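K.L.:
This is a predicted model, with the sequence first.
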Amino acid sequence: MSVDLAHIRQVMAEADCLYPEHEVDAAITRIAQQINADLAMANPVVFCVMNGGLIFAGKLLPQLNFPLELSYLHATRYCGQTSGGELFWKAKPELSFQDRAVLIIDDILDEGHTLHAILEYCRHEGAASVRTAVLMDKEHNRKACPDFKADYAGLMCVDRYVFGYGMDYKGYWRNAPGIYAVKGL
Ligand SMILES: O=P(O)(O)OC[C@H]1O[C@H](OP(=O)(O)OP(=O)(O)O)[C@H](O)[C@@H]1O
Ligand SMILES: Nc1nc2[nH]cnc2c(=O)[nH]1
């Protein structure tokens, strides 16, 4: 697929910065403190949800001060687009988590289909408990399960398409050092 790099650069140039880097990092530190208080004795398996969870997990994990095992899974339903479709598992967990405490780390809870499906999968496969941590929680009334909340949520986000800190715009700008909203979306 050919990519219009000029468009990709323009999206960054025109984007609205919702949260600068220091505010995102402060939110990650707050989450780390909560998780340290809750899971220090739990011997958890931590799963980073690829790709979006990568930066959040990378900044969060060094602030967790207890023993844990780390692995990843990859479930996607946006596939580089700005609206979601059917959930597709690219990689299921390889590390066994039977009877273990599980912590799922993802970048954003939007409609919630992705996190809810991962949670159900972990429960079905025998996790003793499952907690979820998201960097962003998007505010709107399209939640798949309106009562479902992440156990740890960093920042609220308006109902726009956002990128940065692991979140992409058409596969790009996961590296953007803050949370940005695409102009017009
Ligand atoms: O709450 P939902 O509406 O289900 O959306 C949230 C999910 O969407 C994004 O993943 P995406 O499918 O874009 O894959 P990616 O992480 O590889 O970018 C994001 O990383 C979350 O996992
Ligand atoms: N990059 C990105 N991925 C998402 N997945 C669900 N919502 C979003 C969003 O606003 N931005």
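P.N.:
Received it, and whenever you're ready, just let me know what you need. Ligands and ions are numbered 1, 2, ... in the order given.
K.L.:
how about the longest helix along the chain: buried residues?
P.N.:
Longest helix of the chain, by residue count under DSSP state H: helix 21-39. Going by neighbour count (16 or more other Cβ atoms under 10 Å), the buried part of helix 21-39 is 24-25, 27-28, 31-32, 35, 39. C-beta here means a position set from N, CA and C on the backbone, and glycine is covered the same way.
K.L.:
and it, what does it pack onto?
P.N.:
Judged by 3 or more Cβ pairs under 8 Å, 6 or more residues apart in numbering; DSSP states H and E, the packing partners of helix 21-39 are helix 54-60, strand 101-109, strand 129-138, strand 152-157, strand 178-181.
K.L.:
Test my guess that residue 99 contacts residue 128.
P.N.:
Yes. Using Cβ atoms under 8 Å, residue 99 is in contact with residue 128, at 4.9 Å.
K.L.:
the more surrounded of the two?
P.N.:
For residue 99 and residue 128, the more surrounded residue by other Cβ atoms under 10 Å is residue 128, and the numbers stand at 14 against 9.
K.L.:
Can you give the distance of the worst-scoring helix or strand of the chain on mean pLDDT from its chain's centre?
P.N.:
Lowest on mean pLDDT, DSSP states H and E among the helices and strands of the chain sits strand 88-91, with a mean of 90. From the chain centre to the centre of strand 88-91 is a distance of 15 Å (Cα atoms, centre = their mean, to the nearest Å).
K.L.:
Contacts for it, please.
P.N.:
50, 72-77, 79 (Cβ atoms under 8 Å, 6 or more residues apart in numbering).
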